[in-house]
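Peer 1: Pasting the sequence and the predicted model now:
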Amino acid sequence: MNAIPERLPQTLHHFAWRCRDAEETRAFYEDLLGLPLVHVIKADHVPSTGEYCPYVHIFFELADGSYIAFFDLGDDTNAEPSPNTPSWVNHIALEVKDEAALMTALDRLQAAGVSVIGPTDHGFVKSIYMFDPNGVRLELTARTKGEEYLREIALQAHGKLDAWTRSKKARSSKERAAAGGS
C-alpha cells in the first residue's frame, strides 16, 4: 500500500454554488437551517479572471467555522443539473449534532413545506435529503457510530475500492465482448 501523503488541505473553507435569488437562499439557510449569513461580497468583476459579471457572493457559517456559499448573478437563473448524472449523486452533506437534531430539522423543514426524504439509515449515519431553493441536493446527517467504528471502516477503504475497480473492469470487459468489441 502506498504511503498517504501529508494532507495539504486542512479543512473545508467553503463550498460555493450558483443561486437564483440571494434572499430566497438566505431565508432557507439562515431561517430554516439556522446557518447565519456572515459575509457578503458584491462585485462587478470576477477577481480570478477579470471577467465582467456583476454578482453577490453570500456565505453562511457552520459551527466548525466552514461555510456554504452562493453566487447570485442577478439573472434569476439556477445552475442546471448535469444531464448525465442522476439527481441524487451530486450533493453536499452537512452534519448535525445528533439524531434528535436531525428529527428537529426534519420537522422544521416539513412544516415549511420542503419535500424531505428520510430519515435513511446508512449504518453509520442517519440522513435526510432535500433540494434547496436552487436545486442543490442537500443531506443533513447525524452520526450513529463512534470513532472506533470509523477507524475500523477506514482500514477497509482501500480494499473495498480495489474490489470495486476490479469488478468495474470485469463488467466493462464483458459488456465490450457482448457488443462485439475487443
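Peer 2: Nice, thanks for sending it over.
Peer 1: same question for stretch 21-28, mean pLDDT?
Peer 2: Regarding stretch 21-28, the rounded mean pLDDT is 98.
Peer 1: List the buried residues in it.
Peer 2: Buried residues in stretch 21-28, counting neighbours by 16 or more other Cβ atoms under 10 Å, are found at D21, A22, T25, R26, F28. Just so you know, the C-beta spots here come from the backbone N, C-alpha and C atoms, and that holds for glycine as well.
Peer 1: other SSEs contacting the host helix or strand of L102?
Peer 2: Under the criterion of DSSP states H and E, L102 resides in helix 99-111. Under the contact criterion of 3 or more Cβ pairs under 8 Å, 6 or more residues apart in numbering; DSSP states H and E, helix 99-111 touches strand 117-121, strand 125-131, strand 137-143.
Peer 1: Give me the subset of the buried residues of stretch 21-28 lying in helices.
Peer 2: Taking DSSP state H, the ones among the buried residues of stretch 21-28 that sit in helices are A22, T25, R26.
Peer 1: who's in contact with the helix holding L102?
Peer 2: 32-33, 96, 116, 118-119, 126-128, 130, 140-142, 144 (Cβ atoms under 8 Å, 6 or more residues apart in numbering).
Peer 1: between that helix and strand 137-143, how many degrees?
Peer 2: Interaxial angle of helix 99-111 relative to strand 137-143 (axes from the mean of the first three to the mean of the last three Cα atoms, to 10 degrees): 150 degrees.
Peer 1: one step back: export the buried residues of stretch 21-28 to a markdown table and append columns for distance to L37.
Peer 2: Formatted as a markdown table, those follow (distance: Cβ to Cβ, whole Å):
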| residue | distance to L37 |
| --- | --- |
| D21 | 14 |
| A22 | 9 |
| T25 | 9 |
| R26 | 5 |
| F28 | 11 |
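Peer 1: ok, which pair from those is furthest apart?
Peer 2: Between any two of these, the greatest separation by Cβ to Cβ is 10.9 Å, found for A22 and F28.
Peer 1: rewinding a little: dump the helices and strands packed on helix 99-111 to CSV, plus distance to L155 and mean pLDDT.
Peer 2: Below are the helices and strands packed on helix 99-111 laid out as CSV (distance: least, Cβ to Cβ, whole Å; pLDDT from 0 to 100):
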stretch, distance to L155, mean pLDDT
strand 117-121, 23, 97
strand 125-131, 18, 97
strand 137-143, 18, 96
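Peer 1: Throw these into CSV and include mean neighbour count and distance to C53, thanks.
Peer 2: Below are the helices and strands packed on helix 99-111 laid out as CSV (neighbours: other Cβ atoms under 10 Å; distance: least, Cβ to Cβ, whole Å):
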stretch, mean neighbour count, distance to C53
strand 117-121, 14, 35
strand 125-131, 19, 25
strand 137-143, 19, 25
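Peer 1: Now that we have these, can you turn them into TSV and tack on distance to K160?
Peer 2: Below are the helices and strands packed on helix 99-111 laid out as TSV (distance: least, Cβ to Cβ, whole Å):
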stretch	distance to K160
strand 117-121	19
strand 125-131	17
strand 137-143	20
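Peer 1: I'm done for today, thanks for sticking with me.
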